[in-house]
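# Provided below for reference: sequence and predicted model.
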Amino acid sequence: MLTETIPDTNAHLHSTFASRYVRAPVPRFKMPDKSMPKDAAYQVIHDELMLDGNPRLNLASFVTTWMEPECDKLMMASINKNYVDMDEYPVTTELQNRCVNMIAHLFHAPVGDEETAVGVGTVGSSEAIMLAGLAFKRKWQHKRKLEGKPCDNPNIVTGANVQVCWEKFARYFEVELKEVKLQEGYYIMDIEKAVELVDENTICVAAILGSTLTGEFEDVKLLNDLLMKKNEETGWDTPIHVDAASGGFIAPFLYPDLEWDFRLPLVKSINVSGHKYGLVYAGVGWVVWRNKEDLPDDLLFHINYLGSDQPTFTLNFSKGSSQIIAQYYQFLRLGFEGYKNIIENCMENTRVLKEGIENTGRFDIVSKDVGVPLVAFTLKDSSKHTVFEISENLRRFGWILPAYTMPADAQHIAVLRAVIREDFSHGLAKRLVSNIEQVLKEMESLPSRLTAIKAVADDGGAKHHHKKSERETQEEIFRYWKRLVDRKRAGVC
C-alpha cells in the first residue's frame, strides 16, 4: 500500500523539525508572505540565538547578567506597562521616585529625610548624561544672556578616557568637547590639565568615577578644590558633573570616606547605571541633581495626576517599567548590607584573578586596586604575539575578553580587560587563568603572525624613505589587529 505525504496545513505542528520551516531560508530583509506556527517561529529564533556568546562569560560588559527568579517574575508581570503612562500606573511612578530618593541620599544630596530629591530614571547612563549635559548647557546660556554675553560657543572638559556617550552629547547638542589626552602609565584625566582647559564658555567639567578603560576613580575632590580656586580668581562658577555609571554603586559601599559626590559643593549632578553595579538587567540608569536650582525649569514638562504635579525630563517617551521595578526590588531586597557584601565579593574575586594573571609572569597589570572590580592587563612582550590574539583564542573556551588600544595619546598601549560582576565566582577566576595559560603555551608553539605584518610595515617605511621606530611599528601592528577585530563586528549599533 502506498502512503502519501500530506503537505503542511494550518493544523497544529507536532514536530517543528519534521516541518518545512527548518529547511526554508530564514527571512532577513522582507517580511514573509505567510504566517508560521508559534512553536516553529520560536524554534527558528531560539536556534539562531544559540550562536550568541554566553552572557555570564562575557567579561567585556559591565552590565548585569543575573538576577534572582523572584525579580524575574516581577519584571515579567510588568513587562506590558508603559513607564510614561503615569496616571494609569501611579504606583510604578512612585517606585521610580523612591529609587531617586534612595540614590540621592546614598550620594549625600542635601535633602531632608522626608524631602523629595531631584532626579529621574533613564534608559541608561547615556540618556542620563545627555539630560545632565542639557541642564548645564541651558543654565550656562541663561546666565550668559543675563550678562549680555554671547552664548553660542559652549564647551565641556573631559578626559580622553570618557565613554562614547560624551562624544555623542557634544556632537548632537553642539558643544565643543575639550579632552585631556592620556599618557602611558596614566590612563585617567589629569586634573590640573583639565582645570587649565576651563574657560568662561565651559558649561561643566566631567569627572569619571570608574573609567571604562581601567576602572580607576578620578580625583573629584582635587578637581573641586582646584576649580573652586579658579572660580574665585576669575569670577566664573564652572560646575562639576560626576559620571558614576560604573562606580556609583561601588564607592558608597567600599570607600564611604572618599569624597566624590554631593559632599563637594561644585558637584551639581551625578549619573549612575542601575544596570551595572546597581544589579539590574540592561535598560536602566539614573541621574540626580544637587537641588532644584540645578535643573532649569524650562527643560521640564509637567503632568498633573492624582491631584499633584509630576515633572518629567526625558529624551525617550515610551519605555518599559520592568527595570524600574527591578531596581526597587534590589534596593528593598539587598539593602546597604547586601550591596556591600556583593561588591566585596566582586573585589575579592578580582584579587584572585589579578594574582593568577600576575603569577603567569607574562603580563603587567594596568588597573588599580581602588576602583571598579576589573583587571586590565597588557603583555610584557608583544614582539611575537599580541593581546588581540589572546582575546581571539580565548573565544573557543567561551570567554569574551576584549582587547583594545588606549585613547590618545597612549594609542600604542593595547590591553585585555576582565570585568568582574556579581555572578563571576572564585572558581571561574581560576578557570580563566588556566585557559589564559593554555592559550599562551599554544601561541608560543606557533609562528608569530606579527613577522609578516612587521615586514609589510618595514617595507612601507622603506618606500617612503623613513625607517620606522620600534614604537611606530608596534602602533601599526596594533592598528592592523584593531582593523581585523572591527571587520568581525556586525554592522549595527
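Perfect, thanks for sending it.
# pull the CA atoms of stretch 423-440 into CSV?
Extracted in CSV, the C-alpha atoms of stretch 423-440 (Å, rounded to 0.1, in the frame of the first residue of the first chain):
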residue,chain,number,x,y,z
ASP,A,423,27.9,36.2,39.0
PHE,A,424,31.7,35.7,38.5
SER,A,425,32.9,33.2,41.1
HIS,A,426,36.3,32.2,42.5
GLY,A,427,36.1,29.0,40.5
LEU,A,428,35.6,30.9,37.2
ALA,A,429,38.5,33.2,38.0
LYS,A,430,40.8,30.1,38.4
ARG,A,431,39.4,28.6,35.2
LEU,A,432,40.0,31.8,33.3
VAL,A,433,43.7,31.9,34.4
SER,A,434,44.1,28.3,33.4
ASN,A,435,42.7,29.0,30.0
ILE,A,436,44.9,32.0,29.5
GLU,A,437,48.0,29.9,30.5
GLN,A,438,46.9,27.3,27.9
VAL,A,439,46.5,29.9,25.2
LEU,A,440,49.9,31.4,26.0
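# give me the mean pLDDT for that stretch.
Average pLDDT, stretch 423-440: 97.
# can you check stretch 171-191 too?
Averaging pLDDT along stretch 171-191 gives 96.
# report the buried residues of it.
Of the residues in stretch 171-191, 175, 177-180, 182, 187-191 count as buried by neighbour count, 16 or more other Cβ atoms under 10 Å. To be clear about C-beta, it is placed using only N, CA and C from the backbone, and glycine gets the same treatment.
# tell me which of the residues you listed fall in strands.
177-180 (DSSP state E).
# turn those residues into CSV, columns for distance to D72.
Putting those into CSV (distance: Cβ to Cβ, whole Å) gives the following:
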residue, distance to D72
L177, 40
K178, 44
E179, 41
V180, 42
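# ok, I303 - how many residues close by?
Using other Cβ atoms under 10 Å, I303 has 14 other residues around it.
# which SS class is it?
At I303 the chain is in strand, as set by DSSP: H, G, I helix; E, B strand; the rest coil.
# quick check: pLDDT value at it.
According to the prediction, I303 has pLDDT 70.
# right, and it touches F313 too?
No - with contact defined as Cβ atoms under 8 Å, I303 does not count as touching F313 (11.3 Å).
# what about M86, which SS state?
With three-state DSSP as the basis, M86 sits in coil.
# number of residues surrounding it?
Neighbourhood size, M86 [other Cβ under 10 Å]: 18.
# quick one: contacts for C346?
Each residue near C346 by Cβ atoms under 8 Å, 6 or more residues apart in numbering is listed here: 277, 373, 420-422, 424.
# closest one to K384 out of those residues, please.
I420 (29.0 Å; Cβ to Cβ).
# what about the closest one, how many neighbours?
Count around I420 with other Cβ under 10 Å applied: 26.
# might one say that it is in contact with L374?
Yes - with contact defined as Cβ under 8 Å, I420 and L374 form a contacting pair (6.0 Å).
# mind listing the strands for the protein?
Using DSSP E, strands in the chain cover 118-122, 155-159, 176-180, 202-208, 240-243, 267-273, 285-289, 301-305, 308-312, 363-365, 374-379, 403-405, 414-419.
# one step back: could you work out the most separated pair of the buried residues of stretch 171-191?
Maximum pairwise distance among the buried residues of stretch 171-191 (Cβ to Cβ): 24.1 Å, between V175 and Y187.
# surely T350 and L374 touch.
Yes - using Cβ under 8 Å, T350 makes contact with L374 at a distance of 6.7 Å.
# what residue is smack in the middle of this structure?
F62 (6.1 Å; Cα atoms, centre = their mean).
# leaving out sequence neighbours, find the closest residue to that one.
K276 (4.4 Å; Cβ to Cβ, 6 or more residues apart in numbering).
# how many neighbours does the closest residue to W66 other than its chain neighbours have?
In this structure, W66 finds its nearest non-sequential neighbour in D423, 4.1 Å apart by Cβ to Cβ, 6+ apart. For D423, the neighbour count with other Cβ under 10 Å is 15.
# who touches D423 in this structure?
Applying Cβ under 8 Å, 6+ apart, the residues near D423 are 56, 65-66.
# isn't the residue nearest to the centre of the chain right up against S273?
Yes - between F62 and S273 a contact is recorded at 7.3 Å, counting by Cβ under 8 Å.
# now do the helices in this structure.
Counting by DSSP state H, the chain has helices at residues 38-49, 69-77, 90-106, 125-146, 164-172, 191-197, 220-234, 251-254, 322-359, 387-394, 426-444, 450-463, 470-488.
# Serialize those to CSV and add fields for distance to V157.
Formatted as CSV, the helices of the chain follow (distance: least, Cβ to Cβ, whole Å):
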stretch, distance to V157
helix 38-49, 43
helix 69-77, 39
helix 90-106, 25
helix 125-146, 11
helix 164-172, 11
helix 191-197, 5
helix 220-234, 10
helix 251-254, 22
helix 322-359, 30
helix 387-394, 31
helix 426-444, 37
helix 450-463, 36
helix 470-488, 27
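# out of the ones you listed, which gets nearest to T214?
Each of the helices of the chain has some distance to T214 by Cβ to Cβ; the shortest is helix 322-359, at 12.4 Å.
# next, the angle from the closest one to helix 426-444.
Helix 322-359 and helix 426-444 are oriented at 50 degrees to each other (axes from the mean of the first three to the mean of the last three Cα atoms, to 10 degrees).
# buried set for helix 322-359?
322-331, 339, 342-343, 345-347, 349-350, 352-354, 356-357.
# quick one: distance of that helix to the chain centre.
Centroid separation between helix 322-359 and its chain, computed with Cα atoms, centre = their mean, to the nearest Å, is 16 Å.
# got the angle for it vs strand 118-122?
In terms of direction (the same axes, to 10 degrees), helix 322-359 departs from strand 118-122 by 80 degrees.
# I'd like the average pLDDT over helix 322-359.
The pLDDT scores in helix 322-359 average 98.
# kindly report the same for stretch 399-417.
Here stretch 399-417 scores 94 as its mean pLDDT.
# tell me which residues in that stretch are buried?
Within stretch 399-417, the residues scored as buried using 16+ other Cβ under 10 Å are 399-407, 410, 412-417.
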